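> Take this sequence and fold it.
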Amino acid sequence: MEGELPTSSVSTDRALAASVEAFSRALDAALPPPRDGARGEEACGDDVVRSELAAECATVLDAFSRAVDPISVREAMALAGLLARRTAELGASGILLSAVVEALLAVVGPELAENEGRALRGVMIEGYAAARLEHDRDRDRALRARVTRPFVIAPRCVALALQGLAEPDWIAAAVEGIGPLLLHSDARAVIVWVSFADDASDAAIAELSSLIDIAGVVGARVVFGATGAVAPVLRAHVGDRALVVTDDAATAFADALALASTSPTEAMRARVAGLLKRLGV
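Numbers count the residues shown, from 1 in each chain. Now for the predicted structure:
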């Protein structure tokens, strides 16, 4: 009849709401009882995670309800993988992930073939594990960047030591603070010690060469002291825009001091020698 609202949408919404409610009940049933002494912030945090997952499961449940062929089933499973990733991002434990998987299978499992149920478990475990690994890598990279900072080694001369894995994001984060330091110290030379444990990618070399542009803003020149396979690649990339030294690092670092001061003192040279010794040069 003209003017009446369609009932199909209403019934679909009701069916989805019922599925979400069933998922929430199954999630609570799959979770182990709270540990003795779990109070306050910990219990509140668990409740927040459960509420978040109960809300976000609606998209997954809706996708499975509409899956009528292998392609749409795979699309629904991909969304389940994203739900597992979200579980990891919320800081949930593997126990909670297991409960989420069991709750989802309790609702959509009866409509899936046996091999599809196993595939769903695998997709969600893989999504959760990948998100946890990415989180750990991001945390480690941030910590590594915090402890890799440029410093003033002598008047008008800034130094930066880059050692370990040649991760472009880490290199970029490590040099973020060099601009203000160059201005503050009125730098004329930047010494960059490069000793990587692996081959440097094009992105890593690009991040290293960006130091030249940063230093150029204040009229400073970059001297790279490089070891291993990165040296020829870096030299080919920067050309004559910077000095890349591999054989006699001590002399190169003294030359950098000469750029910063017309008459570098023996005390300055001693500080460089001490730095090189700590770096194993």
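> Report all helices and strands that the helix or strand containing Ala22 contacts.
Assigned by DSSP states H and E, Ala22 falls within helix 7-30. Secondary-structure packing of helix 7-30 (3 or more Cβ pairs under 8 Å, 6 or more residues apart in numbering; DSSP states H and E): helix 40-66, helix 94-108. Just so you know, the C-beta spots here come from the backbone N, C-alpha and C atoms, and that holds for glycine as well.
> Give me whichever of the ones you listed is most buried.
The highest mean neighbour count among the helices and strands packed on helix 7-30, using mean count of other Cβ atoms under 10 Å, belongs to helix 94-108: a mean of 20.
> Just the C-alpha atoms of that one, please, in CSV.
Provided in CSV are the C-alpha atoms of helix 94-108 (Å, rounded to 0.1, in the frame of the first residue of the first chain):
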residue,chain,number,x,y,z
GLY,A,94,44.4,-14.5,23.6
ILE,A,95,41.8,-15.8,26.0
LEU,A,96,39.4,-13.1,25.0
LEU,A,97,40.2,-13.7,21.3
SER,A,98,39.3,-17.4,21.8
ALA,A,99,36.0,-16.4,23.3
VAL,A,100,35.3,-14.0,20.4
VAL,A,101,36.0,-16.8,17.9
GLU,A,102,33.7,-19.3,19.8
ALA,A,103,31.0,-16.7,20.1
LEU,A,104,31.1,-15.9,16.4
LEU,A,105,31.0,-19.6,15.5
ALA,A,106,28.1,-20.2,17.8
VAL,A,107,26.1,-17.6,15.8
VAL,A,108,27.2,-18.2,12.2
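> Following the chain past it, name the next helix or strand.
Note on helix 94-108: by DSSP H and E, the next helix or strand toward the C-terminus is helix 114-146.
> List the buried residues in that following helix.
116-117, 119-121, 123-125, 127-128, 131-132, 144-145 (16 or more other Cβ atoms under 10 Å).
> Among these, which has the minimum pLDDT value?
On pLDDT alone, Ala145 ranks lowest of the buried residues of helix 114-146, at 74.
> Can you name the residues that contact that one?
Ala145 makes contacts with 170, 173-174, 176, as judged by Cβ atoms under 8 Å, 6 or more residues apart in numbering.
> That one and Ala231: what is the separation?
23 Å (Cβ to Cβ, to the nearest Å).
> Could you list the low-pLDDT ranges of the stretch 1-150 of the chain?
1-10, 34-47 (pLDDT under 70).
> Mind putting the buried residues of helix 114-146 into a markdown table with distance to Ala26?
A markdown table is the format used below for the buried residues of helix 114-146 (distance: Cβ to Cβ, whole Å):
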| residue | distance to Ala26 |
| --- | --- |
| Glu116 | 18 |
| Gly117 | 14 |
| Ala119 | 19 |
| Leu120 | 14 |
| Arg121 | 15 |
| Val123 | 18 |
| Met124 | 14 |
| Ile125 | 18 |
| Gly127 | 19 |
| Tyr128 | 18 |
| Ala131 | 22 |
| Arg132 | 24 |
| Arg144 | 42 |
| Ala145 | 42 |
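> Thanks again, I'm all set now.
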